[in-house]
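*Asks:* Just the structure for this:
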Amino acid sequence: MTPSVEPATASGMSAHDFRELYERLRRRAAPSTVDGRCGALRHLTPERVAAAAAEVRIGRTVSLAAPIDTVQGPDDPEPAVHRMTGPSPSDLGSGGLHFATDRFAMNVHGDADSHLDALCHVVFDGELYGGVPASTVTAEGARSLSVDLLANGIVGRGVLLDIPRLRGVPWLEPGDRVTSGDLRAAEAAQGVRVGPGDLLFVRTGHRLRRTELGPWDAATARAGLHPTAVEFLAEREVAALGGDGNNDTAPSAVEDIAFPVHVLAIHALGIHLMDYLQFEDLAPACARAGRWSFLCAVAPLRLSGATGSPVNPIAVL
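*Replies:* This is a model prediction of the structure:
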């Protein structure tokens, strides 16, 4: 394995340095809309979508979503609720036609279930991405930058960078931080390069650790990206980012900013994030195929005015 070119646990970041990085990224990614694609999705051109189809070699499909949890746990105090609404016991004992029906409810932005963050999810300095007033988020829903922007989904070339594989460990321990050096070293080790319009997925092993050791309070301790790693996303013009944790570390690398990666990626760059995915099926499939890129389709629910959505990204190898 190629070793990381930076220490496994990167240092913290001052509030001043964070603010400078935020302003630099915001200037670099001046908000614009190209053919209806807002934020970083402007990098995912029709030509790049068409080219992504060439990533399909064996026709295998792999889910990147974790099973939705309905059991309360330390990382899921408000689990999803699944309730059967039919058929009734009397229906089951009678003849004729009846239907099994159910109802589902979910805390979208929790610390266990796979979900996508819309661009209206992060309010920073009284604004949303692109200077949109925070007042556009109302009790009735978000009037701008909601998940409605993704009504036609996100389809493009996906790339998985496996950081535990790079470091020769099964998973990163909570609190560990993935640096831009780690991302570049993983590219070199895996023989792949992240490019414009790509959907980047970064594995920390969060889901495997949860499966092997049991759930823990991920709100207070989890591995993720160091804030400076977001510069890598900007340099490569990444269209979307997904992680098997929250993408942000806990404790935060920046004092008084609990979710610096969310602020930098969503608010400064306009990158849709996917949190708490799982790559334990995809990583071995990519390793067997000897390829770490694939066609990927992300289809959030069409929830008008919503700040996010449950999501089940599908990789096609």
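*Asks:* show me what contacts residue 83?
*Replies:* Neighbour list for residue 83: 102, 103, 104 [criterion: Cβ atoms under 8 Å, 6 or more residues apart in numbering]. C-beta here means a position set from N, CA and C on the backbone, and glycine is covered the same way.
*Asks:* Please determine how far it is located from residue 99.
*Replies:* To residue 99, residue 83 is 15 Å away according to Cβ to Cβ, to the nearest Å.
*Asks:* go on, residue 157?
*Replies:* Remark: distance between residue 157 and residue 99 (Cβ to Cβ) = 40 Å.
*Asks:* what do you get for residue 163?
*Replies:* 46 Å.
*Asks:* For the two, indicate the residue with more neighbours.
*Replies:* More crowded of residue 163 and residue 99, by other Cβ atoms under 10 Å: residue 163, with 24 against 8.
*Asks:* who's in contact with that one?
*Replies:* Residue 163 neighbours (Cβ under 8 Å, 6+ apart): 172, 178, 182, 186, 202, 203, 204, 205.
*Asks:* In strands, which of these appear?
*Replies:* Those of the contacts of residue 163 mapping onto strands are 178, 202, 203, per DSSP state E.
*Asks:* Scan the residues you listed and report the most crowded one.
*Replies:* Of the ones in strands among the contacts of residue 163, with other Cβ under 10 Å as the count, residue 178 tops at 31 neighbours.
*Asks:* That one touches residue 202, doesn't it?
*Replies:* Yes: Residue 178 is within contact range of residue 202, at 6.2 Å (criterion: Cβ atoms under 8 Å).
*Asks:* longest strand of the protein?
*Replies:* strand 154-162.
*Asks:* what lines up beside that strand in the sheet?
*Replies:* Take DSSP bridges as the rule and strand 154-162 pairs in its sheet with strand 199-203 (parallel), strand 293-298 (antiparallel).
*Asks:* Put together a markdown table for those strands, with distance to residue 51 and mean pLDDT on each row.
*Replies:* What follows is those, written out as a markdown table (distance: least, Cβ to Cβ, whole Å; pLDDT from 0 to 100):
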| stretch | distance to residue 51 | mean pLDDT |
| --- | --- | --- |
| strand 199-203 | 13 | 98 |
| strand 293-298 | 10 | 98 |
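*Asks:* Highest mean neighbour count out of the ones you listed?
*Replies:* Mean neighbours per residue, mean count of other Cβ atoms under 10 Å, is largest over the strands paired with strand 154-162 for strand 199-203, with a mean of 27.
*Asks:* List of residues touching it?
*Replies:* 64, 154, 156-165, 178, 183, 194, 225, 233, 236, 238-244, 247, 277, 279, 282-283, 296, 298, 313.
*Asks:* what sits against residue 243?
*Replies:* Residues near residue 243 by Cβ under 8 Å, 6+ apart: 201, 202, 203, 204, 206, 224, 225, 273, 274, 275, 276, 277.
*Asks:* go with 10 Å
*Replies:* Residue 243 is in contact with 178, 200-204, 206, 222-225, 261, 273-277, 279, counting by Cβ atoms under 10 Å, 6 or more residues apart in numbering.
*Asks:* Test of understanding: give the bridge partners of it.
*Replies:* residue 202.
*Asks:* now do residue 177
*Replies:* residue 224.
*Asks:* correct me, but residue 160 touches residue 186?
*Replies:* Yes: with contact defined as Cβ atoms under 10 Å, residue 160 reaches residue 186; the gap is 9.1 Å.
*Asks:* Can you tell me the centre-most residue of the protein?
*Replies:* In the chain, the residue lying closest to the centroid (Cα atoms, centre = their mean) is residue 274, at 1.9 Å.
*Asks:* Quick check: which helices or strands does the helix or strand hosting that one pack against?
*Replies:* Element membership of residue 274 [criterion: DSSP states H and E] is strand 272-275. In this structure, strand 272-275 packs against strand 115-117, strand 199-203, strand 240-243, helix 260-262, strand 308-310, with contacts taken as 3 or more Cβ pairs under 10 Å, 6 or more residues apart in numbering; DSSP states H and E.
*Asks:* Quick check: mean pLDDT of that strand?
*Replies:* In this model, strand 272-275 has a mean pLDDT of 98.
*Asks:* how far does that strand sit from the chain's center?
*Replies:* Chain-centre distance of strand 272-275: 3 Å, with Cα atoms, centre = their mean, to the nearest Å.
*Asks:* strands paired with that strand, and their directions?
*Replies:* Next to strand 272-275 in the sheet, as set by DSSP bridges, lie strand 115-117 (antiparallel), strand 240-243 (parallel).
*Asks:* Export only the CA atoms of that strand, formatted as PDB.
*Replies:* Taking C-alpha atoms only, strand 272-275 is exported to PDB below (Å, rounded to 0.1, in the frame of the first residue of the first chain):
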ATOM      1  CA  HIS A 272     -24.400  18.600  -3.000                       C
ATOM      2  CA  LEU A 273     -23.300  16.200  -0.300                       C
ATOM      3  CA  MET A 274     -24.400  12.600   0.500                       C
ATOM      4  CA  ASP A 275     -23.900  11.500   4.100                       C
END
